[in-house]
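Engineer: Here is the input, now give the coordinates:
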Amino acid sequence: MEKLAVVALGGNALLRDSEEGTIEQQEQNATDTVENLIHLIKDGYELVITHGNGPQVGNILMRNDAGEKMYNIAPMPLDICVADSQGGIGYMIERIIRNVLNKHGIKKNVITMVTLVEVDQNDPAFQNPSKRVGKTYNKEEADRLSREKNWIFKSSPKVKDGFRRVVPSPAPIDIINKETIDLLVNNGNIVIAAGGGGIPVYYDEEGNVRTVDAVIDKDRASGLLAKNIGADELYILTDVPFIYKDYGMPTQEKLEFLNYSDTLKYLEMGTFAEGTMEPKIRACLEFIKNGGKKSVITESKKLEDKSFGSKITMEYDQDDLTGKQLKN
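Structural biologist: Just a heads-up that it's a prediction; the model follows:
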């Protein structure tokens, strides 16, 4: 194996904010994204692909609500909904990868793996649920569901007088399927794994796998997976071409070449937006700290140009203190 990369596809790789979310739209977006991964494959990279699931799992939860209300269909818990989205999105990406590989005359096997990710049931996140999931309710509906199902609600930042359920987002501590993923990718297969951050689980006192109502940040799970399988590089594909200091402010500044210590300083200063760029930066830093050679945050359509995107490595080349060349 020449090089191994974990590529995390952002939500925009499948579904744009301006779109209805039809399967035709998601398939076209996935095709456009996968076309750009071909450049890595042709350069000799073996790939593990992860993906987000926010809009899709939200739709599954809304179908839960509608089925229970209209047809008395028993709703499925959050872990099953996450697994459902992993299977559906993974199948779609796998089928499209196979078609794009065929178009380029590349013969590789592709496999989708429903992935379990271990969390600590004592993680502080369980005391402060913060991740919004599912539909928006009015206050009366939210109060009723809070009583009936012990759900926790917070006001919606997008809908006046609207409330959404919030669940914990604990840190991932282990990818339970890592050995199988490692075996598959080391034998030349493209693996789609850890979709939506993986299904959060924990081990009880008897060593049995138990579930929790929570979601895991996709980028942090991707960084952990990259570390677990000894990946050389981590790519996080998003809707901006670079990392920016003070994004959207008059002091905005493009950060193209970064080392670990400088990036950590920016993070501690609150430079990166919480909930959007901040978890991506944390994922990259954890990967680099644990032996990764390079992390890249960029748009998927920029992958052909290896000089594009924001790159984080452990240190700059000592022969170039300007930081324009990186020590890989």
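
Engineer: low-confidence ranges in this structure?
Structural biologist: For the chain, applying pLDDT under 70 flags the ranges 1, 11-12, 306, 315-328.

Engineer: same thing but at 90, please
Structural biologist: Counting by pLDDT under 90, the ranges of the chain that qualify are 1-2, 10-21, 55-56, 157-158, 238-241, 245-249, 251, 272-276, 299-308, 315-328.

Engineer: And the residue nearest the centre of it?
Structural biologist: residue 218 (2.6 Å; C-alpha atoms, centre = their mean).

Engineer: For that one, give its distance to residue 265.
Structural biologist: When C-beta to C-beta, to the nearest Å is the yardstick, residue 218 and residue 265 sit 25 Å from each other. Every residue, glycine included, has its C-beta placed from N, CA and C.

Engineer: How about residue 112?
Structural biologist: Computed with C-beta to C-beta, the distance linking residue 112 and residue 265 is 39 Å.

Engineer: These two: who's more crowded?
Structural biologist: When residue 112 and residue 265 are compared for neighbours, residue 112 comes out ahead with 22 against 10, by other C-beta atoms under 10 Å.

Engineer: contacting residues around the closest residue to the more buried one other than its chain neighbours?
Structural biologist: With C-beta to C-beta, 6 or more residues apart in numbering as the measure, residue 90 is the residue that lies nearest to residue 112, at 3.4 Å, once sequence neighbours are left out. By C-beta atoms under 8 Å, 6 or more residues apart in numbering, the residues touching residue 90 are 51, 112-114, 192, 195.

Engineer: Residue 90: what secondary structure?
Structural biologist: For residue 90, the assignment made with DSSP: H, G, I helix; E, B strand; the rest coil gives helix.

Engineer: which one is residue 272 nearest to, not counting chain neighbours?
Structural biologist: Here the nearest residue to residue 272 in space, its sequence neighbours aside, is residue 278; by C-beta to C-beta, 6+ apart that works out to 4.5 Å.

Engineer: With only the CA atoms kept, save the helix or strand harbouring that neighbour in PDB.
Structural biologist: Secondary-structure element containing residue 278, defined by DSSP states H and E: helix 277-289. Taking only C-alpha atoms (Å, rounded to 0.1, in the frame of the first residue of the first chain), the coordinates of helix 277-289 have been written out as PDB:
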ATOM      1  CA  MET A 277     -15.000  24.500  11.800                       C
ATOM      2  CA  GLU A 278     -14.000  23.900  15.400                       C
ATOM      3  CA  PRO A 279     -14.700  20.100  15.500                       C
ATOM      4  CA  LYS A 280     -12.900  19.800  12.100                       C
ATOM      5  CA  ILE A 281      -9.800  21.500  13.500                       C
ATOM      6  CA  ARG A 282      -9.900  19.300  16.700                       C
ATOM      7  CA  ALA A 283     -10.100  16.100  14.500                       C
ATOM      8  CA  CYS A 284      -7.100  17.200  12.400                       C
ATOM      9  CA  LEU A 285      -5.000  18.100  15.500                       C
ATOM     10  CA  GLU A 286      -5.800  14.800  17.200                       C
ATOM     11  CA  PHE A 287      -4.800  12.900  14.000                       C
ATOM     12  CA  ILE A 288      -1.500  14.800  13.700                       C
ATOM     13  CA  LYS A 289      -0.700  14.500  17.400                       C
END
